[in-house]
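Novice: with the sequence up front, the predicted model follows.
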Amino acid sequence: MPTFIKRRPDAPAGFFEAEAAGLAWLAEATDGVRVAGVIRVAPGEIELERIAEVTPTAEAADAFGAALARTHAAGAAAFGSPPEGHTGPLFIGRRPLTAARQTRWGRFYARDRVLPYLSLAVQAGTVNEREERVIRAACDRIANGDFDDSEPPARLHGDLWTGNVLWARDGAVLIDPAAHGGHRETDLAMLALFGCPFLERVLGAYDASAVDLGAPLRDGWRDRMPVHQLHPLAVHAAGHGRSYGVALADAAGRTLEL
């Protein structure tokens, strides 16, 4: 089987081990999205199954959406919980990702998924003082439970932008997770934020599959996308330029309007 080796000599301790644990945890979901197989992992490198990519189709998008609903439905121990059995650090991209075991989503999301990266963005100069006030106000609403619901923690990929969804002959394959327990709308919002082939087919098939699983998406989930996009935008604002700071503040403003 063809394989692909990723190496990073300066990788912090546990970096590739976290990736391997996330992939294994996602792969455990019954009839969930296929993930790239891990051949071996060692400090500073990971060897993965090489995915032969093809042009995505509408049918593959339908299958991806349905399978993603099943991955999420596999659940997690708590909001912020790491992959089961993983005791090392977590990462999103090259940045640390806080593990938590919260029963309230809003408190976890504001504290551990937005505010740490907002502070870095402010230090980097990509978010100004006025924008920071708006973002913190949105986080206050989130932390106070304004967007909490009764949904249990979902098994999230956690970094589900289009570059981490590969299309093989037998359908979508996930790579590079920042896997943790979270709200399923966060993965969907990230797909929408950074684009995905046949996005509406993916989302439609997801919703239909969620209905079949007895857990349809709640009314207004599309309106709440700005709330769930605060995390990826904050991560990007921390290290990828001023435009992401502007987008982060805009999403926070739209959150305050809900």
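Specialist: It's in.
Novice: look up how far Val54 lies from the residue nearest the centre of the chain.
Specialist: Centre of the chain computed as the mean C-alpha position; nearest residue by C-alpha atoms, centre = their mean is Gly158, 2.1 Å away. With distances taken as C-beta to C-beta, to the nearest Å, Gly158 is found 25 Å from Val54. Any C-beta I mention is one placed from the backbone N, CA and C, and that applies to glycine too.
Novice: repeat for Gly32
Specialist: 21 Å.
Novice: more neighbours: these two, which one.
Specialist: Neighbours of Gly32 and Val54, each counted by other C-beta atoms under 10 Å, are more numerous for Gly32; the result is 20 against 13.
Novice: what about the more buried one, which helix or strand?
Specialist: For Gly32, there is no enclosing helix or strand under DSSP states H and E.
Novice: same deal with Ala66?
Specialist: When secondary structure is defined by DSSP H and E, Ala66 falls within helix 58-73.
Novice: just checking, what packs against that helix?
Specialist: For helix 58-73, the elements it packs on are strand 154-156, strand 171-174, helix 184-194, helix 199-212, judged by 3 or more C-beta pairs under 8 Å, 6 or more residues apart in numbering; DSSP states H and E.
Novice: surely Ala20 is within a strand?
Specialist: No - remark: Ala20 does not belong to a strand; assigned using DSSP: H, G, I helix; E, B strand; the rest coil, it is helix.
Novice: state the distance from it to Phe4.
Specialist: Note on Ala20: its distance to Phe4, by C-beta to C-beta, is 14 Å.
Novice: contacts for stretch 216-230?
Specialist: Contact with stretch 216-230 is made by 109, 113-114, 135, 138-139, 142, 147, 149, 151, 183-186, 188-190, 192-193, 206-207, 210, 248, 250-252, 254-255, 258, as judged by C-beta atoms under 8 Å, 6 or more residues apart in numbering.
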